[in-house]
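In: Build me a model from this:
(2 chains)
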Number of protein chains: 2
Amino acid sequence: MGRLTGGDPSLLRRINSAVVLHALRATDCATLTEITRVTGLSRPTVEGVVEDLIVGGLVVETAAEDGATRRQGRPARRFRFRAEAGHLLGLEIGPHRVAALLADLDGRIIGAQAKEVEETASADDRLERLRTAVAELLRRAGVPRNSLRAVGVATPGIVEADGTVRLGTALPEWTGLRLGERLSRSFKCPVLVENDANAAAVAEHWKGSARDSDDIVFVLAGLSPGAGSLIGGRLHRGFGGAAGEIGALHLLGREVTPETLLSTTDEPLHPLDEQAVAQVFAQARQGDQRALAAVDRFIQRLVHDVAALALALDPELVVIGGWAAGLDGVLEPLRRELARYCLRPPKVTLSLLGEAAVATGALRLALDHVEKQLFAVEGTATARY
Amino acid sequence: MGRLTGGDPSLLRRINSAVVLHALRATDCATLTEITRVTGLSRPTVEGVVEDLIVGGLVVETAAEDGATRRQGRPARRFRFRAEAGHLLGLEIGPHRVAALLADLDGRIIGAQAKEVEETASADDRLERLRTAVAELLRRAGVPRNSLRAVGVATPGIVEADGTVRLGTALPEWTGLRLGERLSRSFKCPVLVENDANAAAVAEHWKGSARDSDDIVFVLAGLSPGAGSLIGGRLHRGFGGAAGEIGALHLLGREVTPETLLSTTDEPLHPLDEQAVAQVFAQARQGDQRALAAVDRFIQRLVHDVAALALALDPELVVIGGWAAGLDGVLEPLRRELARYCLRPPKVTLSLLGEAAVATGALRLALDHVEKQLFAVEGTATARY
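Out: Sure, this is the predicted structure:
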């Protein structure tokens, strides 16, 4: 398609830098000749760019080759991308726990930390708990805070583009919280906030059960059920960031609350927390009739939620996460009922990442941000080929 | 961003041709100097391209200017895009009627034709009815069949990319029908087949109630309710073309059929056709208690359908079409209930195009196809600027 000539020289430099980094990152290490061949740039350009990248700390010359090669004369210098030049955090803030994942610039996870938190904890306490987890994680991994390039955060609720929680009923004091701004005080790098089910959808697509599909719905069955969807590989947030906030779906025509649904007595289940639910599931596995009936009602509701999502969105694949992923025999009724309700039923599978899905998705969003900065210049890089 | 140099010369010619056509179409008529200025092409290039376009019939030199200008010497030649150089059809094939719209290359509608058809008509009879309508329309408008550049067709059901109806329960013999192929026998130009609700969504976005929004859901409340959605201005078809096929939504947790829902007696409404439904609506307007109750049940179901779509997709705007658009007081309960169910309730409005929406959307799809051919070369044209 021809080549770019003329134009903004600093833009060209950034493009060339992104192209060289991209090439280096795709391989263990490479010589200048190899980089020149792969990128199509001139040798002097490559030399200049590599020199700049070495100064910037993103590229390093690797150790000399072994003796066999050296005997042939001076070996070609080899360079590699320094994935350790920066770090990323993926954070989850949930009703019962906060969790943090630490990764290098290749997205390779090098540490994890999680802490329980009271469901009733204030926003301040919850954030303090998270800060403690992050501090411990960084200290243990020996990564200085100023090495962080981006932080992704995932949490229940509708999240605005600026990181404010527009509406979050699952956590106390969450609605209206300027979460991105609050966390930015702890970090000097960009902080990206996302809805938890959206993050989990991204995670399953990255390294979970949805690696082979670009059109998926992830259902996070929990205290406050939510869903995230990818359309053509891209997160569908909706016009106001509320896509997949299906908490009210079960109310449509059927006035029944989760407390009643999952009760094994004549009283509503209280408190309705993950422990109480886990107990109902355990009782069901032991054959308790009332627990079995409760689980059956829970699955029926899940079927209805998933069917509504599938009818609206027509995904290729539905991934079930959260509570339901721990249920024996949840897939069979889901598949059977979807075949009944949907003109084109999607495939259904369980989450592969389990409770790591939300933080993993937050990490991926941080990685996306850094990759866009380092390896691409707003779609211009592709125009070069 | 620099200019393309080198590369495929025939590709460049096509790009230049698209760019000149695009410029001419945006204005009444223009001189070569004006085209040169707007396009950034050289004068000889513009002259060559315009000459080719005149030979191809897409551009014509307009009549000389009036006397005032002529006194100054020989007036500059002026050229205009010949919107009449080709024509488009937008076709609707529904349960009770077939309809056709005829337009020029600007998308300006120059004729319309509709015919009633029996709900029980065979596929052959239904298509024959459509062919008759088209033939009458073309004859009346004085447009020869070989002037057609593209035909859009919209019909209920799940439509494959190749124009086959994968599943269509609303019309007899519709499932499995190779609709695109069958209609291609009547036309020498491309025939594009689309789901009816999807087409209506496109139409409302083009010239209906959704002109100001790119994230919409259109609900076609009819015998077999369906929905179409635009995300970021683009049609969301779903992985298998079944997005919005919400016919089964009302079954989720509530086993009630439209026949029961809309009945004003103890017996199901039979036959459930538009006439019968119109009668129930008319009775309700006259204050008939049972009819009022039936309409109320119908609106409740519509509310549930729309709420499920809104929770899954989070559109900015929901447009209500089909039967429901004719109902007094449908908006108020919809808005009230959506505010109750949705964390971020969408705006709700009625279809502006009414029963013309489906055929208008089919026409827009034909126009999109022609515009892509004439005015753009697969996204390359934009790379030039």
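In: so how far is stretch A:113-125 from its chain's centroid?
Out: 21 Å (CA atoms, centre = their mean, to the nearest Å).
In: what does stretch A:315-325 give?
Out: 15 Å.
In: can you check stretch A:12-22 too?
Out: For stretch A:12-22, the distance to the chain centre is 26 Å (CA atoms, centre = their mean).
In: cool, and stretch A:335-348?
Out: That offset, for stretch A:335-348, works out to 27 Å (CA atoms, centre = their mean).
In: And stretch A:352-369, by the same measure?
Out: That offset, for stretch A:352-369, works out to 3 Å (CA atoms, centre = their mean).
In: buried residues in that stretch?
Out: With burial defined by 16 or more other CB atoms under 10 Å in any protein chain shown, the residues of stretch A:352-369 counted as buried are A:352-353, A:355-369. The C-beta positions use only the backbone N, C-alpha and C, and glycine is treated the same way.
In: filter the residues you listed by proximity to chain B?
Out: Checking these against chain B by CB under 8 Å from any CB of the partner chain, not one of them is in range.
In: which residues of chain A fall in helices?
Out: Listed in chain order, the helices of chain A (DSSP state H) span A:9-25, A:32-39, A:43-55, A:67-70, A:123-141, A:179-184, A:196-207, A:258-261, A:274-285, A:289-313, A:331-341, A:357-375, A:380-383.
In: any idea how far A:Ala278 is from chain B?
Out: 26 Å (CB to the nearest CB, to the nearest Å).
In: residue contacts, that residue?
Out: Going by CB atoms under 8 Å, 6 or more residues apart in numbering or on different chains, A:Ala278 touches A:Gly326.
In: per-residue pLDDT, it?
Out: pLDDT, A:Ala278: 77.
In: next one: A:Gly40
Out: So A:Gly40 comes in at 88 (pLDDT).
In: do you know how far A:Leu167 is from B:Gly322?
Out: Using CB to CB, to the nearest Å, A:Leu167 is found at 31 Å from B:Gly322.
In: ok, those two, which is more surrounded?
Out: Between A:Leu167 and B:Gly322, counting by other CB atoms under 10 Å in any protein chain shown, B:Gly322 is the more crowded of the two (25 against 18).
In: Please list all residues in contact with the more buried one.
Out: Per CB under 8 Å, 6+ apart, neighbours of B:Gly322: B:219-222, B:225, B:351.
In: wouldn't A:Pro345 be in contact with A:Ala310 here?
Out: Yes: counting by CB atoms under 8 Å, A:Pro345 sits close enough to A:Ala310 to count as a contact (7.1 Å).
In: Of those two, which one has the most company?
Out: A:Ala310 (27 against 20).
In: What distance do you get for the more buried one to A:Ala242?
Out: Taking CB to CB, one finds A:Ala310 at 19 Å from A:Ala242.
In: before we move on, the earlier item: which pair in the contacts of B:Gly322 spans the largest distance?
Out: B:Pro225 and B:Ser351 (13.8 Å; CB to CB).
In: Flag every residue of the stretch 201-350 of chain A that's near chain B.
Out: Residues of the stretch 201-350 of chain A lying near chain B (CB under 8 Å from any CB): A:215, A:227, A:229, A:231, A:236-254, A:300, A:304, A:307-309, A:311-316, A:340-344, A:346.
In: Narrow the residues you listed to those that are buried.
Out: Looks like these have A:215, A:227, A:229, A:231, A:236-250, A:252-253, A:300, A:304, A:307-309, A:311-316, A:341-344, A:346 buried, using 16+ other CB under 10 Å.
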